[in-house]
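Q: Prediction below, plus the sequence it came from.
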Amino acid sequence: MSKLHFFYGTMSAGKSVQLIQTHYTSTKSGIRTIAIKPELDNRFSENKIVSRMGIECPAQPLVSIKVDYILCSFPDVRRILVDEAQFFTPDSIESLVTLADVHGKTIMCYGLMVDSDGTMFPGAKKLIESGAVLHQLRTSCQIQNCESLATHHLRFDSNGNIIRKGAQICIGDDIYMSVCRPHFYEKYHGQKIKE
């Protein structure tokens, strides 16, 4: 059985909720589990993963993931849950691969696949290249009356204009909208879709 998993989906797909639930059931079952998140994600808490639904679990904030640090700091850990995995570098993802393959840890990463320009995040790309088992978490497009699968994000400025350039690491979802591929191309690129 593979020990490296990537649970991906758009914002509001329930990634953090599933991670928190997995943390709860794992620890309840006696499986030594830690949750990791990027240090830059401090929107709700510096040392917790918090869902917009109000549930939470403790988390270790890290700038990068290093094999030696994990093994020394958490010697008996069996399961490692990684929130916002897309924000970790390919080197950190490579450390997770080593922890899974060489040290037998179960690694469960949760995050976004693509940024608001429709480009794959380097951390997500490395997970795919490393052969992580992919699990798509599904939610619907947020365009009114659209029931298609949301696969992309639109990012807006304070005036409601779509942002097409700039930094892609912006924590929070108040300026984002999860949309299906056709609506992304219609809104972002101005390509009219066929109804």
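A: The structure has been received and is ready for your questions.
Q: where's the most centrally placed residue in the chain relative to Ser73, distance?
A: Residue closest to the average C-alpha location in the chain (C-alpha atoms, centre = their mean): Gly111, at 1.1 Å. Counting by C-beta to C-beta, to the nearest Å, the gap from Gly111 to Ser73 is 22 Å. No exception for glycine: its C-beta is placed from N, CA and C like everyone else's.
Q: do the same with Leu134
A: 29 Å.
Q: Now do the helices in this structure.
A: 15-28, 67-73, 90-101, 122-129, 181-189 (DSSP state H).
Q: where along the protein do the strands fall?
A: 4-8, 33-38, 48-50, 56-58, 60-62, 79-82, 106-111, 133-136, 152-155, 176-179 (DSSP state E).
Q: mean confidence for the first one?
A: Right, strand 4-8. Per-residue pLDDT values over strand 4-8 give a mean of 98.
Q: And for the last one?
A: Confidence for strand 176-179, expressed as mean pLDDT, is 92.
Q: How far away from the center of its chain is that strand?
A: Chain-centre distance of strand 176-179: 15 Å, with C-alpha atoms, centre = their mean, to the nearest Å.
Q: Which neighbouring elements make contact with that strand?
A: On a contact count with 3 or more C-beta pairs under 8 Å, 6 or more residues apart in numbering; DSSP states H and E, strand 176-179 meets strand 152-155.
Q: just checking, what packs against the strand it packs on?
A: Under the contact definition 3+ C-beta pairs under 8 Å, 6+ apart, strand 152-155 sits against strand 176-179, helix 181-189.
Q: Sheet partners, orientation included, of that strand?
A: Strand pairing for strand 152-155, using DSSP bridges, gives strand 176-179 (antiparallel).
Q: What is the burial count for Gln142?
A: 18 (other C-beta atoms under 10 Å).
Q: Number the residues from 8 up from this point.
A: In the new count, where the first residue is 8, that last one comes out as Gln149.
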